[in-house]
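Undergrad: Using only what follows, build the 3D model:
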Amino acid sequence: MTHPRPARPRVLTLAVAALTACAVVGGVGPAPASAEARSGMEQALARSEGTTVAQARQQIATENALSAKAARLDASLADSEHAGSWIAGDELVVAVTTDEAAAEVRAAGARPETVRRSQADLDAVQARLDRLARTGGAGGVLSWGADPRSNAVTVEVAAGADDAATEAFVAEAEELGAEVVRSGAEIRPLASVLGGQEYVIDNAYVCSTGFGARDSAGRPVVVTAGHCTEGASRFTFRGTTLGTHRSTRFPGDDWGTIAAASTHTLVAAVDTYDGSSVRVAGSTAAAVGANLCKSGRTTDWTCGRVTGLNRTVNYGGGDIVSGLTEHTACVEQGDSGGANVSGTQAQGVSSGGALYSSGGSLVCGEKVGQRNAAYFQPLNEVLQREGLRLLTS
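TA: Numbering: from 1, shown residues only. Okay, the predicted model is just below:
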């Protein structure tokens, strides 16, 4: 999975020149100035949503509160009693299967919606499809996972894919009651090329930094994508050593950790590519429908919304990754490992995206009039399984 390192486009060189601190952040950027940090996030969301900055500020506050409520309800309701939740305007909607669960949701200030399939039912379908993909292949199937809004597992298939493995997977999915949709995109991990802010792997290919953390001994660690660190030994940032390989989980999951060198200071902030940054205050997971912005060395700072949780993605060649979150921010090759945030809450590191051919390049959907679809590895799972503590400010 190595890729030749290309020349840096001039437009992104300007963003590098604007940096003033030699620090590794989610992206890489200056330490946060609190008012500027909030303003940068709000302005980016306002541009993405076509609203005013004041409206974006209120939207971020509302969605952060609703996402926290979703996390609490998800923890208190059994998988047989609910089937996920999503943000609709200024309210949280929770799919429930029992009257008791509906009462608990109302008491928490959310709106229940009664559905036929529970989370346990949807998880069982996804698990069947995951096993099929890992044993018999998934052909041209791009991704699959539960959608709380449709109360079904949705399966996305590349347009024109009609090989035996694809047909077998689709037949099994339809037998299990999944919804199958066709797409003109191809989904790829995003470890390769097209420059801006970056770190370099083995002097051969490039990715983006994610979040700073500390291990149980207090040592600094950079969290990034696993397909970036897989088989790698040397990581450099702006010409100096970023750190050494610590761990890799890919495929199956998609995270990697780098033991950071003492020459760099890890900052609890995410670069917004306008000379400012957004501080990282925690890692409360965003609900479906919440705002989401990502920082990466190819497409800089882009925003969208969370559209799905626990998605399984087929990157081809037997590389199948489960447990990813889907969103609609523009992500392209080289953004891998970059930071995804909702408000000031860290969400995860970029894993892959649906890319479309255009002029000999692969670009995100919005550049060719299509809907963006990108995926990140949720950060909380990484922190828990690696025994790390997120750096916050």
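
Undergrad: For the rest of this, base every contact and every neighbour count on C-alpha atoms.
TA: Fine.

Undergrad: What's the end-to-end length of stretch 158-170?
TA: Stretch 158-170 has an end-to-end distance of 11 Å (Cα to Cα, to the nearest Å).

Undergrad: Just the buried positions in that stretch, please.
TA: Burial within stretch 158-170, assessed by neighbour count using 16 or more other Cα atoms under 10 Å, is assigned to 158, 165-170.

Undergrad: got JSON lines for the residues you listed, with secondary structure and distance to residue 72 too?
TA: Written out in JSON lines, the entries for these read as follows (DSSP: H, G, I helix; E, B strand; the rest coil; distance: Cα to Cα, whole Å):
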{"residue": "158", "secondary structure": "strand", "distance to residue 72": "36"}
{"residue": "165", "secondary structure": "helix", "distance to residue 72": "40"}
{"residue": "166", "secondary structure": "helix", "distance to residue 72": "38"}
{"residue": "167", "secondary structure": "helix", "distance to residue 72": "40"}
{"residue": "168", "secondary structure": "helix", "distance to residue 72": "39"}
{"residue": "169", "secondary structure": "helix", "distance to residue 72": "35"}
{"residue": "170", "secondary structure": "helix", "distance to residue 72": "35"}
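
Undergrad: Need the max-distance pair from those residues.
TA: 158 and 168 (14.3 Å; Cα to Cα).

Undergrad: Which strand residues bridge residue 223?
TA: The partner list for residue 223 in beta bridges (DSSP bridges) reads residue 211, residue 257.

Undergrad: distance of it from residue 229?
TA: Here the criterion is Cα to Cα. By it, residue 223 lies 10 Å from residue 229.

Undergrad: which residues are in contact with both of those two?
TA: Here residue 223 and residue 229 share the contacting residues 256-257, scored by Cα atoms under 8 Å, 6 or more residues apart in numbering.

Undergrad: more neighbours, these two?
TA: Applying other Cα atoms under 10 Å to residue 223 and residue 229 shows that residue 223 carries more neighbours, namely 32 against 28.

Undergrad: and which of the buried residues of stretch 158-170 is nearest residue 103?
TA: Of all these, residue 103 sits closest to residue 170, with 37.4 Å by Cα to Cα.

Undergrad: Spatially nearest residue to that closest one, not counting backbone neighbours?
TA: residue 180 (7.3 Å; Cα to Cα, 6 or more residues apart in numbering).
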